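1. This is the structure alone, sequence omitted:
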Ligand code: CP
Ligand code: NVA
């Protein structure tokens, strides 16, 4: 049996909906007091090249809740930070632990780790994708909107890792999505094309615009993310300028449906990409989203370890 990874949303394309159902069941089971430990004796290595609150805590707590163990490895503290290759790191970690989660700057590093590890590798965010975020986001949409068909997600802001993974995720589950990004900060071209291709077989519509009011029209979900992702700091001034017209505020959301939900992967730069009023308003589901990282990733880990 070949091992499975989740470096991209595409790696779990066929099983995405099942993993979401499992996540919803795990969440309900946990709330009912179910405490099975299917991962007793199993370990996860978590490698971080960048800071994290949600990813770090949700993976660590998720492993503990399932009876397993998670080790936190900051890149600077392991030999990878002193030049040991990613290939050798993959081979060594495969001898100790059962699964690896990696948050990296470079998507190729995550792919190389997955290629050379004999155990599953999960992408905990890189420059190109954030698949675990998309899993939690889709789960949150399912909870609040009861389904994907005929629903429209308007993602506004930077065409970054979060946007790329959402494009793929929306296409896979059959949800419409408009990416609303300035010309110079559009999503990855290859990913956008792939999303269009998947959408054409899944009866949904994906499009790209640079006009906020147009993209948000009739949206069921409004989603934004920071204008300055980790690693983009050098470009901060230009970005803050380019994204000003893309702020999610009360005026912009008035073009969406009355029962729209507001989403953000967090951390947010309050009153930059979104105003306090929208973030803390009654349509905001941002903390459900954050919580769902835990449940969605538990389902993903169980799927990859075939523990379910
Ligand atoms: N959304 C997200 O991945 O948050 P962290 O950077 O805190 O992990
Ligand atoms: N796009 C953001 C997401 C943080 C969770 C970043 O890469 O910094």
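-> Cool, got the structure. Please read these numbers as outputs of a predicted model, since none were measured by experiment. Ligands and ions are numbered 1, 2, ... in the order given.

2. Tell me, how many residues neighbour residue 77?
-> 11 (other C-beta atoms under 10 Å). Where you see a C-beta, it was placed from the backbone N, CA and C, and this is true even at glycine.

3. any idea how far residue 129 lies from ligand 2?
-> Per C-beta to the nearest ligand atom, to the nearest Å, residue 129 is found 10 Å from ligand 2.

4. Leaving out the residues flanking it, which one is nearest to residue 131?
-> Once flanking residues are discounted, residue 131 sits nearest to residue 9: 4.7 Å by C-beta to C-beta, 6 or more residues apart in numbering.

5. Let me see the ranges of the helices in the stretch 151-300 of the chain.
-> Assigned by DSSP state H, counting those that start in this stretch, the stretch 151-300 of the chain shows helices spanning 161-173, 189-201, 212-216, 236-243, 250-253, 276-279, 286-304.

6. Can you mark which positions in the second one are buried?
-> I take that to be helix 189-201. 191, 192, 194, 195, 198, 199 (16 or more other C-beta atoms under 10 Å).

7. Nearest residue to the third one in space, please, no chain neighbours.
-> Using C-beta to C-beta, 6+ apart and skipping the chain neighbours, the partner closest in space to residue 194 is residue 168 (6.7 Å).

8. related to what we said a few turns ago, with respect to burial, which of the helices of the stretch 151-300 of the chain scores highest?
-> Comparing these by mean neighbour count (mean count of other C-beta atoms under 10 Å), helix 161-173 comes out on top with a mean of 27.

9. Quick one: check that one for contact with ligand 2.
-> Yes - for helix 161-173, a contact with ligand 2 is found by C-beta under 6 Å from any ligand atom, at 161, 162.

10. ok so, going back, let me know which of the helices of the stretch 151-300 of the chain is the nearest to residue 142.
-> Smallest distance to residue 142 across those (C-beta to C-beta): 8.6 Å, for helix 161-173.

11. Excluding chain neighbours, what is closest to the residue in the stretch 201-308 of the chain that ligand 2 sits nearest to?
-> Proximity of the stretch 201-308 of the chain to ligand 2 (C-beta to the nearest ligand atom) peaks at residue 229, 3.3 Å away. Nearest residue to residue 229, sequence neighbours excluded (C-beta to C-beta, 6+ apart): residue 160, at 5.1 Å.
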